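In: pasting the structure only:
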């Protein structure tokens, strides 16, 4: 069943990729941004035959990042040059006390509908749908290390509501199946998320600062982006260890996530090259299971130095500690490797 669902999702993605490229260039414009990218994403994707698919100057139909948090919003994602890319790395694992190889990333294909901007009244601004596949595997000598062997595939629907309390509010509904790389289904889930992005110049509440670039010295910008997430998770099989199902075969979890991004300013020539190629992301998430009364937390951090001028390829050092969102498995993992971002 899991493989069949994955095939259906990929077929749907292939079917609408061409449509998504055109939709990304429709007329509506964003009154906000998550990074220093132009607000009109459609305009930034207008150069090059594959620009609308693979990002142009910011983000296109196809997104390749390290995690969902590295994407941010499907409608207005963090630009690839400031986001953490999918990582392929050598790792020093403190739990197993061994050297291992690992891969972690998410591939998403988004279909966009952009509405017409209204200046003052609240309105539904944009809509997006994106199937995705998320991979996270750590192996040593062909064997899985610490139970980190997750291949998740699903889809997310997102809408944005603008001009409410000085911010645009992004609401997500997602559904996902988690399996191992061998194809053994583990669990399925359905979740909902709320993420506010403020209007720094015109907002009149504390929401104005969320998700907006703020200056740090002469060379850097930083953003802080909070989210609230809730999900229902149900076990499919006990083929693999899943601590979230230690007491029961379902979980109902809710909690906040906060992401801090720091990256170099790229618009000015007097900013040093190393600052322009630097980016850092730190995410802390906490979930409380209302059924088992257990809580889960995860600190996920990474720092990248881009190896090319555009910022697609980078050298990334990352560190995760806590419990994996997908299964509740403990992780204490430092990685150094190459990253790829689109």
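Out: Cool, got the structure. These numbers were taken from a predicted model, which means no experiment stands behind them.

In: Break down the stretch 201-342 of the chain into its helices, ranges please.
Out: 273-276 (DSSP state H, counting those that start in this stretch).

In: Show me the shaky parts of it.
Out: In the predicted model, the stretch 201-342 of the chain carries pLDDT under 70 at residues 203, 239-240.

In: mind listing the strands for it?
Out: Along the stretch 201-342 of the chain, the stretches classed as strands by DSSP state E, counting those that start in this stretch are 214-216, 220-235, 250-264, 278-289, 295-306, 313-323, 330-340.

In: Mean neighbour count and distance to residue 116 added to these, as JSON lines?
Out: Every residue, glycine included, has its C-beta placed from N, CA and C. Shown next, in JSON lines, are those (neighbours: other C-beta atoms under 10 Å; distance: least, C-beta to C-beta, whole Å):
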{"stretch": "strand 214-216", "mean neighbour count": "11", "distance to residue 116": "29"}
{"stretch": "strand 220-235", "mean neighbour count": "18", "distance to residue 116": "26"}
{"stretch": "strand 250-264", "mean neighbour count": "19", "distance to residue 116": "30"}
{"stretch": "strand 278-289", "mean neighbour count": "20", "distance to residue 116": "33"}
{"stretch": "strand 295-306", "mean neighbour count": "19", "distance to residue 116": "36"}
{"stretch": "strand 313-323", "mean neighbour count": "19", "distance to residue 116": "37"}
{"stretch": "strand 330-340", "mean neighbour count": "19", "distance to residue 116": "35"}
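
In: Which of the ones you listed sits closest to residue 171?
Out: Minimum separation from residue 171 across the strands of the stretch 201-342 of the chain (C-beta to C-beta) falls at strand 220-235, 10.5 Å.

In: what's the closest one packed up against?
Out: strand 185-198, strand 214-216, strand 250-264, strand 278-289 (3 or more C-beta pairs under 8 Å, 6 or more residues apart in numbering; DSSP states H and E).

In: which helices and strands sit right next to the last one?
Out: In this case it means strand 278-289. helix 68-71, strand 220-235, strand 250-264, strand 295-306.

In: Would you convert these into CSV that also reports distance to residue 120?
Out: Listed next are the helices and strands packed on strand 278-289 as CSV, based on distance: least, C-beta to C-beta, whole Å:
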stretch, distance to residue 120
helix 68-71, 30
strand 220-235, 25
strand 250-264, 29
strand 295-306, 38
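
In: before we move on, back to that, the helices and strands packed on strand 220-235: which one's closest to residue 309?
Out: strand 250-264 (12.7 Å).

In: Nearest to residue 147, out of the strands of the stretch 201-342 of the chain?
Out: strand 330-340 (8.2 Å).

In: Can you show me the helices along the stretch 1-150 of the chain?
Out: For the stretch 1-150 of the chain, applying DSSP H, counting those that start in this stretch gives helices covering 2-23, 41-44, 51-54, 68-71.

In: Of the ones you listed, which shows the lowest average pLDDT?
Out: Sorting those by mean pLDDT places helix 41-44 lowest, at a mean of 35.

In: would you turn the helices and strands packed on strand 220-235 into CSV with distance to residue 342?
Out: Formatted as CSV, these follow (distance: least, C-beta to C-beta, whole Å):
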stretch, distance to residue 342
strand 185-198, 22
strand 214-216, 26
strand 250-264, 17
strand 278-289, 15
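
In: and of those, who's closest to residue 208?
Out: It is, among the helices and strands packed on strand 220-235 and with distance given as C-beta to C-beta, strand 185-198, at 3.8 Å.

In: shouldn't residue 263 be in contact with residue 277?
Out: No - in this structure residue 263 lies outside contact range of residue 277 using C-beta atoms under 8 Å: 9.3 Å.

In: where does the stretch 1-150 of the chain have low pLDDT?
Out: Using pLDDT under 70, the stretch 1-150 of the chain drops low at 1-57, 59, 91-96, 98, 141-142.

In: following the helix or strand where residue 155 lies, which helix or strand comes up?
Out: Taking DSSP states H and E as the criterion, residue 155 maps to strand 143-164. On the C-terminal side of strand 143-164, the closest following helix or strand by DSSP H and E is strand 167-179.

In: What strands line up against that next one, and which way round?
Out: Note on strand 167-179: by DSSP bridges, its sheet partners are strand 143-164 (antiparallel), strand 185-198 (antiparallel).
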